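Undergrad: requesting a structural model of the entry that follows:
(one chain, ligands or ions: 2)
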Amino acid sequence: MQVLVIGSGGREHAICHALSKSNKVDKLFCLPGNAGIAEIAECVSIGVMEADKIVAFLNSHKQINMTVVAPDDPLAMGLVDILESHGHRAFGPSKAAALIEASKAFSKSLMKKYNIPTAAYEEFTDVAKATDYIVKCDYPLVIKADGLALGKGVIICENVDEAKLALQDMMVAGKFSDAGSKVIIEEFLYGQEVSILCFVDGKTIVPMVSSQDHKRALDGDGGLNTGGMGTFSPSRIYTDVMASQVYTDIIIPSMEAMNSEDRKFKGVLYLGLMLTDKGIKVLEYNARFGDPETQVVLPRLKTDLYDIFDAVIDERLHEINFEWSDDATVCVVLASGGYPESYEKGEVITIGEIDDDITLYHAGTAIVGGKLVTNGGRVIGVTASGVNIDEARAKAYKAACNVKFNKAHYRKDIGIKL
Ligand code: AMP
Ligand code: GLY
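TA: Ligands and ions are numbered 1, 2, ... in the order given. Reported below is the predicted structural model:
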């Protein structure tokens, strides 16, 4: 079988890596890919939103049996529907189903309608009404742009002035263009976040092993929010009792809610959960694998990933027997200096001695003039496994010291969150 993966980050490298272990997959393509992915897949320089070019590429490569659409933007655009309408098998939700991530107004109203626990909220399209509302709220308060905003559309406001500024930025200045013309204003939830990714085919939904992301740029959860500075799996705090309660109260109802709305979800449904002292609540849904959660979850999957994708497409996920490793995994993200704000690209990366059991998932890397260079904010995710998180951490940090580039920065406390 030949498979095309759409995307270019660490998540796509982890997906390609898992697919490359399948004895059913003879050849992998990745579009556009990165320098690390290029070691295991043929990279194709087409952008993830260039639907016409992607269709033309697949039409001229009839031997490709499956396309995996990993990032949010092409899913929200309806790339899976477009590929299917041209007769190509694709893994990922339809445009109608991807709305669960692409519109927070939609996902919040879905949760309200189907009694799925989430933070209390109000929705606004009128800045004057939103401004009246924030004056009466308790703080901190969370203001979210409705649409996709590269993970930056969530502002945690400590007081009314910050909230006014956030509303101005989103609703008047158009900081997130159309994504911010509608906003969600919601109560701040206290607790720890756990990420649960689920395979779902509309009939069956199977949660993967748990993971936790470190979203802030600096140690001790300081600095700005990022796409994710590191992850570990499993979560130490997400117990089996919680998992079975979440399965009954959140996971199954989420799949059924989408079916009831005639938006059957097929692909990976990501639940961002907050473990609060008033119960477990959904912070967000994503319509895809998380990044960098995938880099710690897929290495623990023993079942053939191609078989799972194939079963999801054909709606026979119930046939798959899932097996997971008991090992723990830790991924430490090496980022460019300045990330998540402005940073340089093109810094030469040198990789020293790395033990065989370490995987370097490339995110923002490229080969320029024969040299491996940085090409994004998050550059490489150094991933290790061990009998427990402490062992995996120690291995990941030992290896991280041997990956060097100018102004590299990484958190020293990945996996320590208790
Ligand atoms: P979202 O894109 O909705 O997941 O939000 C991004 C991040 O903002 C989450 O992972 C949380 O860390 C934080 N966040 C979002 N909503 C809330 C909330 N209601 N209370 C506290 N933190 C939140
Ligand atoms: N790590 C969070 C996300 O993928 O959205």
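Undergrad: pLDDT score assigned to residue 174?
TA: Residue 174 is assigned a predicted lDDT (pLDDT) of 80.
Undergrad: can you pull out the low-pLDDT segments for the protein?
TA: Within the chain, the ranges that satisfy pLDDT under 70 run 180, 418.
Undergrad: which residues of it lie near ligand 2?
TA: Proximity of the chain to ligand 2 is assessed by CB under 6 Å from any ligand atom, with 151, 213, 228, 286, 290-291, 293 identified as the residues in range. Any C-beta I mention is one placed from the backbone N, CA and C, and that applies to glycine too.
Undergrad: which residue does the stretch 251-400 of the chain bring closest to ligand 2?
TA: At 3.4 Å from ligand 2, residue 290 is the closest residue in the stretch 251-400 of the chain, using CB to the nearest ligand atom.
Undergrad: tally of neighbours for that residue?
TA: If you count neighbours by other CB atoms under 10 Å, residue 290 ends up with 23.
Undergrad: tell me which element it falls in.
TA: Using DSSP states H and E, residue 290 maps to neither a helix nor a strand.
Undergrad: residues in contact with the closest residue to ligand 2 within the stretch 101-250 of the chain?
TA: When distances are taken as CB to the nearest ligand atom, the stretch 101-250 of the chain reaches nearest to ligand 2 at residue 228, 3.9 Å away. With contact set as CB atoms under 8 Å, 6 or more residues apart in numbering, residue 228 has these partners: 213-215, 290-293, 333, 378.
Undergrad: and with 10 Å instead?
TA: By CB atoms under 10 Å, 6 or more residues apart in numbering, the contact set of residue 228 is 10-11, 151, 195, 213-216, 290-293, 295, 331, 333, 363, 378, 381.
Undergrad: out of those, list just those in strands.
TA: 195, 213, 216, 331, 333, 378, 381 (DSSP state E).
Undergrad: ok so, going back, how about the residue of the stretch 101-250 of the chain closest to ligand 2, secondary structure?
TA: coil (DSSP: H, G, I helix; E, B strand; the rest coil).
Undergrad: how about residue 252?
TA: Three-state call for residue 252 (three-state DSSP): helix.
Undergrad: bridging residues for the residue nearest to it when sequence neighbours are not counted?
TA: Among residues not flanking residue 252 along the chain, residue 205 sits closest, at 6.6 Å (CB to CB, 6 or more residues apart in numbering). According to DSSP bridges, residue 200 are recorded as the beta-bridge partners of residue 205.
Undergrad: let me know how buried residue 205 is, in neighbour terms.
TA: Residue 205 sits with 18 neighbouring residues when counted by other CB under 10 Å.
Undergrad: what sits against it?
TA: With CB under 10 Å, 6+ apart, residue 205 has these contacts: 198-199, 247, 251-252, 254-256, 265, 269, 317.
Undergrad: and it, how far from residue 109?
TA: For residue 205, the distance to residue 109 under the criterion CB to CB, to the nearest Å works out to 21 Å.
Undergrad: again, but for residue 38
TA: In this structure, residue 38 lies at 42 Å from residue 109, with CB to CB as the measure.
Undergrad: what does residue 10 give?
TA: Distance check for residue 10 against residue 109: by CB to CB, it reads 32 Å.
Undergrad: looking at the two, which one has more neighbours?
TA: In this comparison of residue 10 against residue 109, neighbours counted by other CB under 10 Å, the higher total goes to residue 10 at 32 against 15.
Undergrad: that one touches residue 295, doesn't it?
TA: Yes - under the contact definition of CB atoms under 10 Å, residue 10 touches residue 295, with a separation of 5.3 Å.
Undergrad: give me the common contacts of those two.
TA: Taking CB under 10 Å, 6+ apart as the contact rule, the neighbours common to residue 10 and residue 295 are 228, 231, 331, 333, 361, 363, 381, 383.
Undergrad: just put the residues you listed in TSV and tack on distance to ligand 1.
TA: Shown next, in TSV, are the shared contacts of residue 10 and residue 295 (distance: CB to the nearest ligand atom, whole Å):
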residue	distance to ligand 1
228	9
231	13
331	17
333	16
361	21
363	19
381	18
383	21
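Undergrad: out of those, who's nearest residue 181?
TA: Distances from residue 181 to the shared contacts of residue 10 and residue 295, taken as CB to CB, are shortest for residue 228 (26.9 Å).
Undergrad: coming back round to it: and the residues of the chain next to ligand 2, which is closest to ligand 1?
TA: Among the residues of the chain next to ligand 2, residue 151 lies closest to ligand 1 (CB to the nearest ligand atom), at 6.3 Å.
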